[in-house]
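Colleague: Can you look at this prediction? I've put the sequence above it.
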Amino acid sequence: MKMEELAIKGAWLASAPIFEDERGFFREWYKATDINDATTEAFNVVQANVSVSHKGVLRGIHYSLAEEGQSKWITCIAGSIWDVIVDIRPSSPTYKQRED
C-alpha cells in the first residue's frame, strides 16, 4: 500500500494496486502496518460504517470535539466520490486550508 501525505497536516491518500484475473479482482484496501509506518501514529479502528448515496447527494462535514480528535478512513467501493478535507483546527499550521 502506498501512503501519500497531503498538504493538510495529518491527511493522507492511500492507494494500492488492483490485481485482476478471470474471476474478478482483488485489492488490499486497508493495512494497519503500512498506515502506522507512514503516519508514525497508531490508527486504531473503533467504528466502521457503510453508506450508499444517490448521484448528486452531498453529505455533511464530520469532525470531533474530543480531545484526542477523530481519524477517518474513506473508501469508495463503486462509482466515484469527491472528498474535501478542510482543516478547522485553530492551532494547526494548515488551519483554514482545504484539500480536494
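Modeller: In hand now; what should we look at?
Colleague: Can you report how many residues neighbour the nearest residue to Phe43 once chain neighbours are set aside?
Modeller: Excluding the flanking residues, the one nearest Phe43 by CB to CB, 6 or more residues apart in numbering is Ile35, at 4.9 Å. Placement of C-beta: from N, CA and C, glycine included. Neighbours of Ile35 under the rule other CB atoms under 10 Å: 18.
Colleague: what's near enough to touch Asn36?
Modeller: Applying CB atoms under 8 Å, 6 or more residues apart in numbering, we find Asn36 in contact with 42-43.
Colleague: ditto for Ile74
Modeller: Applying CB under 8 Å, 6+ apart, the residues contacting Ile74 are 81, 83.
Colleague: so the residue nearest to Phe43, which of the three states?
Modeller: Counting by DSSP: H, G, I helix; E, B strand; the rest coil, the backbone at Ile35 sits in helix.
Colleague: show me what contacts it?
Modeller: Ile35 touches 1, 3, 12, 14, 43, counting by CB under 8 Å, 6+ apart.
Colleague: hang on, the second one is in a strand, isn't it?
Modeller: What it means is Met3. Yes: when classified by three-state DSSP, Met3 is found to be part of a strand.
Colleague: what's across from it in the sheet?
Modeller: Here Met3 sits in beta bridges with Ala14, as judged by DSSP bridges.
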